[in-house]
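Chemist: build me a model:
(2 chains)
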Amino acid sequence: MILTEFDYVRPVGLEEALTLLAGTPGARALAGGQSLLPDLRTGAARARLLVDVRHLEELRGVETAPDGTLRIGALTTLAELAAHPLVLERAPEIAAAARANGDPQVRNLGTTGGNLAATGRATDLPVAAIAAGAEAELAGRHGRSTVTAEELAASGVPAETVITALLVPPGGPAGAFEKSADRATRYPLCASAVRITTDGPRIAVTGATARALRLRGVEDRLGAGPYTTDNVLAAFRAEPRELFVPGRGTSAEYLGHLAGVLTARALARAQAHA
Amino acid sequence: MTAVTGESALQGNGVLGQPLDIREDPQLLRGEATYVADIDLPGTAHMAILGSPVAHARILSIDTKAAQELPGVLKVATAADFTDVMPLPCIWIPGGVESHFPPHPYGLPGARPVLTGDSVRHVGDPIAVVVAETPRQAAAALAAITVEYEPLPVVTRADEALAEGAPQLHEAVPGNLNAYWTCGDKDRTDAAIAEAEVTVELDLVNQRTINSPIEPRGAVGDYNAATDEYTLYASTQGPHNHRFLLAALVLGIPFNKLRVIAPTVGGSFGTKGYLYPDMALVLLLSKALGRPVKWVDTRTGLMNSTVQGRDHRQHVTLAGTRDGRITAVRATSYANLGAYPSTIGPGVATALMGRSISGMYDIPAAFCEVYAAFTNTVSLGAQRGSGRAEAAFLMERLVDRYAFEIGMDPAAVRRKNLVPKEKFPYDNGLGWTYDSGDYRLNFDRAIELSGYADMPARKTEARTRGKRLGVGIASYVAICGVGPSTRMSKEGMLGGTWESANIRVHPTGEVTVTVGSASTGQSHATVFAQVAADELGIDPAQVQVLEGDTQKAPYGQGTYGSRSYSMAAPAVALTARKLKAKLVKAGAVFLGVPEDKVVYEGGGVHEEGNEENAKTFAELAMAMWYGWGLPPEIEPALDETTHFDPPDFNYPFGTHVAVVEIDELTGETEVVAYTAVDDAGNIGNPKIVRGQIEGSIVHGLGQALMEAAEYDEDGLLISSDLNHYALPRAADVPFFTLDKTTTPSPHNPLGAKGAGEIATVPPAAAVVNAVVDALGDLGVRHIDMPLTPEKVWRHLRGEAQ
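Modeler: Numbering: from 1, shown residues only, chains lettered A, B, ... in the order given. Predicted coordinates:
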């Protein structure tokens, strides 16, 4: 397909970027471009103006806040995220999800914010962020706000807003991510992320479900464990059948089963790390 | 100059067979090569093609008015604009049997019109073209063309197309049957099956796959009004052949008014040996507009227009004794030719498959019948390993099924039935005469190298990890080196299949080899330089290799069927030998000695026993350029050509062993080890061949595990981009364990056999055999490809038997 025509602008700062996004109908923020550019090519997305935010230093960097929260700048590439010592130590499910993306070229360009903001397809980071209990920091013309990863997955990035950072609360190493990749796209056919907390497990799946979802029913059924494969599969079987949706030539029945298997494996891995 | 190691005057200098670095690679890897899409002639206009959005319909009307008025649009054309243009021809028909084709005015089998005007027969069938100032304007104008269709019923399967009441595609093809073709001895085979101690049967679907070269096709047409000459730049495997077909059988212009140039071609796997409507259209429109016209396909365009591969539905039977001796094999196959016959598609689907079904085995009775049918899908053509891969798949699946039935190890059954060394040349009873081979040596090497004996222990170990391990063997014989022209005429080939080379020695001693073939990524420039350098005793660095331009290259048929190293390279070697013979004659004059006292060595000549009286290669080259002092019987200059037509085909073969692990909970199949021992005769450059073997294996694994062209019931190709059509990635395959055996072919002076595609032939069978082995205790006897996780999972759960 031939890329449709659009204008392109490279603002010098975040404020200018937000003004452009808010003031131009059909404006889209361009970060790594790993979803947006292919989508523009196939016609799955449209844009009149691309606001290139790739060079905004204020959206870069990984640091620890005084309260122990890990602040991951939205332009942190997936490759950086996958290999960052702080992320590996404190949010292993997020590092693993980043590493599971595409191929090295995609990971070198694709960004944390872009992966969280991608709509219309299952990506890897949202489930890991949900399991980690993370929040996304947003910036709009009227200031900054935060939204939980779960809400973000449900509602998407609000119009005229960009994700500036992913905020991961202090936690431990008891997180894990498992994925079965679609053969063609390498997006998750199904992915599961878990974090084991003192209150029990936090579990999120994507691919098998309409969007990245936290599965509280499964969490409640599993409680303090033990997280044997049989227990986890039984907990998934107790979910309403319509939770799982067919896709990519794969039945809902198989995807629901796969979500259970991947979750059981993620729980086992998380326990081994804890 | 390279040191001379040969003992006799006519022996090579040893550079042939060496793993020299591939000289084409740096420019390909750096993106410096020139593809069709990189050709920008001054004043170029851009063409876009409107393909049908529906699979089968009558065209009621086409309204192009709105499109014509859009900015930048130079011309909109439909079939009505090309009534004097002949349809593309089909030149490989099922040999020796009655066949039916769309018509061609010369009485030849027709293939398809350059644009369809009456009906559309598959999604993507070209209806109209737009030429505009820019590609974007041309694409925008396509959307403004309105076509009114009367929908017709759709059929996408060959067996269904032959059923009574099926939708009819072509008036000239009753019942959609292109041909019913057979080979082998039916009565004897039926009798052997009827009398057999054991018979096994399988219903197989060798699914359609989509060729995915990295470069989609493209074409640039450039008509020169001053000379009335046309130039076509195209991604083609056979520039001479396309020149002939286009000039004589499509455009109806004198042969010498058309020049075809193949620039760098980014892979093909068989697809670019075919004639496509766009090649004619860019030439016709260039003439109409007085400007160069360029067309470059997209990936989705490729998937809806470029020939696709495989697509046989088969019922196959094997008979044997209780102790493992195969007594007969029989195959009935429904081959899906697509909506129109492609340039050589019908021959691929019949002879290449049918005559190959007995593989490496000495089977007393064999028979194959093929029903080749038209359906509302993209035309079928070659895909790397074409025909032979489908044959090996059915045979190797049958052998495993048989071994299971009689409780014998599949390796032992195979070994017992291999054609013995002393039986060569071996008539396989289906039409092929295998040239040479030591199958047992090859087979045993693969089995040993794969660690086959350790598999029971590995299976037990795998179960402790929640994995089922399976091992699968597949052997094959892959006819290559097409080929002997007279023989090919009996196979239904309407054309010659010889090959050629010219060598010119320049006055300064550098050499240019020009061949009629045309590389699509097979590193011709590297290996043909090695052939010439080896024969002439010179450094390959001083040998340039040219090809791909019909104005410069000697006539030849192009690259296909892994033929260039056993067809064009022998022509290079024979030409070099002519030059050497001439240099010995001329050397006698220059050295002032009788001819039998001239020693040719290291590219130069010297007097026997007196190395002081000598001429170097460069001195000889200059002397021949001047031509001073030559007697009348020796022509000046060093410029020789050879046209090589071999006495018969060549038959590379090999044995592959796949080891898979299946996740017991998810059904995901991973190929964890893969051993391949291939025999391609004498090899010119092992580095090139290793790359071809590895790529071929990956290609075959793709069909086994993930690739499938899926048409829905309306004939829409669902898998029409790389988001929906899975191709194997590096991470999907293990490191391969590779080895070779070497049995030279007697049918060419290099002892060469085909190599480029041969290792694509067995992997699908090896992998499916391995998966069925892993699941055998669950009662699984066969699984259709691709082996998706859900499909395997359902078998693990005991469903879908």
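Chemist: from now on I want contacts and neighbour counts done on CA atoms only, so please keep to that.
Modeler: Noted.
Chemist: flag every buried residue along stretch B:793-801.
Modeler: By neighbour count on 16 or more other C-alpha atoms under 10 Å in any protein chain shown, the buried set for stretch B:793-801 is B:793, B:795-796.
Chemist: so which of the residues you listed are in strands?
Modeler: Taking DSSP state E, every one of those sits outside strands.
Chemist: roughly how far is the helix or strand of chain A with the lowest mean pLDDT from the heart of the chain?
Modeler: Lowest by mean pLDDT, DSSP states H and E among the helices and strands of chain A is helix A:36-42, with a mean of 90. Distance, stretch centre to chain centre, for helix A:36-42: 19 Å (C-alpha atoms, centre = their mean, to the nearest Å).
Chemist: ok, stretch B:461-476 next?
Modeler: 31 Å.
Chemist: tell me the mean pLDDT for that stretch?
Modeler: Taken as a whole, stretch B:461-476 has an average pLDDT of 98.
Chemist: show me which of the buried residues of stretch B:793-801 is closest to chain A.
Modeler: Nearest to chain A among these is B:W793, at 8.3 Å by C-alpha to the nearest C-alpha.
Chemist: look at residue 203 and tell me its secondary structure.
Modeler: No chain was given, so I picked chain A. What DSSP: H, G, I helix; E, B strand; the rest coil gives for A:I203 is strand.
Chemist: you answered for a different chain; I wanted chain B.
Modeler: Reduced to three states by three-state DSSP, B:D203 is strand.
Chemist: check contacts around the closest residue to it other than its chain neighbours.
Modeler: Excluding its sequence neighbours, the residue lying closest to B:D203 (C-alpha to C-alpha, 6 or more residues apart in numbering or on different chains) is B:H315, at 4.6 Å. Taking C-alpha atoms under 8 Å, 6 or more residues apart in numbering or on different chains, we find B:H315 in contact with B:201-204, B:331-333.
Chemist: on that earlier part again, and for the helix or strand that the least confident helix or strand of chain A is followed by, what's in contact with it?
Modeler: Using DSSP states H and E, the helix or strand that directly follows helix A:36-42 along the chain is strand A:49-52. Outside of strand A:49-52, the residues within contact range by C-alpha under 8 Å, 6+ apart are A:6-11, A:17, A:20-21, A:24, A:26-31.
Chemist: show me what strand A:49-52 pairs with in its sheet, parallel or antiparallel.
Modeler: strand A:7-9 (parallel), strand A:27-30 (parallel) (DSSP bridges).
Chemist: got TSV for these, with mean pLDDT too?
Modeler: Shown next, in TSV, are those (pLDDT from 0 to 100):
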stretch	mean pLDDT
strand A:7-9	97
strand A:27-30	94
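Chemist: after the helix or strand B:R397 falls within comes which helix or strand?
Modeler: According to DSSP H and E, B:R397 maps onto helix B:388-406. Counting by DSSP H and E, the next helix or strand C-terminal to helix B:388-406 is helix B:410-417.
Chemist: what sits up against that next one?
Modeler: Looking at helix B:410-417 with C-alpha under 8 Å, 6+ apart, the contacting residues turn out to be B:324-326, B:360-363, B:399-400, B:403-404, B:440, B:443, B:447, B:473.
Chemist: wait, which of the contacts of strand A:49-52 is closest to chain B?
Modeler: Taking C-alpha to the nearest C-alpha as the measure, chain B lies nearest A:F6 of those, at 12.9 Å.
Chemist: in the least confident helix or strand of chain A, what's buried?
Modeler: For helix A:36-42, using 16+ other C-alpha under 10 Å, the buried residues are A:36-37, A:40.
Chemist: go on, stretch B:282-291?
Modeler: For stretch B:282-291, by 16+ other C-alpha under 10 Å, it's B:282-287, B:290-291.
Chemist: what about it, distance to the chain center?
Modeler: The answer for stretch B:282-291 is 31 Å, by C-alpha atoms, centre = their mean.
Chemist: identify all contacting residues around it.
Modeler: B:43-45, B:47, B:74, B:131, B:219-225, B:230-232, B:292-295.
Chemist: for the closest residue to chain A within chain B, give me its contacts.
Modeler: Nearest residue of chain B to chain A: B:A726, at 3.9 Å (C-alpha to the nearest C-alpha). Going by C-alpha under 8 Å, 6+ apart, B:A726 touches A:183-185, B:702, B:706-708.
Chemist: what strand or helix carries the closest residue to it other than its chain neighbours?
Modeler: Leaving aside its chain neighbours, B:A726 sits nearest to A:A184 (3.9 Å; criterion: C-alpha to C-alpha, 6+ apart). For A:A184, there is no helix or strand it lies in under DSSP H and E.
Chemist: can you pull the residues of the stretch 701-801 of chain B lying near chain A?
Modeler: Remark: the part of the stretch 701-801 of chain B in contact with chain A comprises B:706, B:722-728, B:790, using C-alpha under 8 Å from any C-alpha of the partner chain.
Chemist: in ChimeraX, select just the buried ones from the residues you listed.
Modeler: The buried subset of these, as determined by 16+ other C-alpha under 10 Å, is captured in ChimeraX by this line:
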select /B:706,724,725,726,727,728,790
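Chemist: show me which pair in the residues of the stretch 701-801 of chain B next to chain A is furthest apart.
Modeler: Greatest spatial distance in these: B:L722 and B:E790, 20.5 Å, computed using C-alpha to C-alpha.
Chemist: doesn't B:A335 fall inside a strand?
Modeler: Yes: going by three-state DSSP, the assignment for B:A335 places it inside a strand.
Chemist: isn't it up against B:T375?
Modeler: No: with contact defined as C-alpha atoms under 8 Å, B:A335 does not reach B:T375; the gap is 10.0 Å.
Chemist: list the residues that contact both of these two?
Modeler: By C-alpha under 8 Å, 6+ apart, the residues touching both B:A335 and B:T375 are B:A158.
Chemist: B:I718: how many residues sit nearby?
Modeler: If you count neighbours by other C-alpha atoms under 10 Å in any protein chain shown, B:I718 ends up with 13.
Chemist: that one against B:D712, yeah?
Modeler: Yes: using C-alpha under 8 Å, B:I718 is in contact with B:D712, at 6.6 Å.
Chemist: other SSEs contacting the helix or strand B:E670 falls within?
Modeler: In this structure, B:E670 sits in strand B:669-679 according to DSSP H and E. If contacts are counted by 3 or more C-alpha pairs under 8 Å, 6 or more residues apart in numbering or on different chains; DSSP states H and E, strand B:669-679 sits against helix B:439-449, strand B:653-663, strand B:736-740.
Chemist: so what are the sheet partners of that strand and their directions?
Modeler: Checking strand B:669-679 against DSSP bridges gives partners strand B:653-663 (antiparallel), strand B:736-740 (parallel).
Chemist: put the alpha carbons of it into PDB.
Modeler: Taking Å, rounded to 0.1, in the frame of the first residue of the first chain, the C-alpha atoms of strand B:669-679 are listed here in PDB:
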ATOM      1  CA  THR B 669       5.500 -27.700  18.100                       C
ATOM      2  CA  GLU B 670       9.200 -26.800  18.100                       C
ATOM      3  CA  VAL B 671      11.700 -28.200  15.700                       C
ATOM      4  CA  VAL B 672      14.600 -28.800  18.100                       C
ATOM      5  CA  ALA B 673      17.100 -30.500  15.800                       C
ATOM      6  CA  TYR B 674      17.400 -30.900  12.100                       C
ATOM      7  CA  THR B 675      19.900 -33.000  10.200                       C
ATOM      8  CA  ALA B 676      20.200 -32.800   6.400                       C
ATOM      9  CA  VAL B 677      22.600 -34.800   4.200                       C
ATOM     10  CA  ASP B 678      22.100 -33.800   0.600                       C
ATOM     11  CA  ASP B 679      23.900 -34.900  -2.500                       C
END
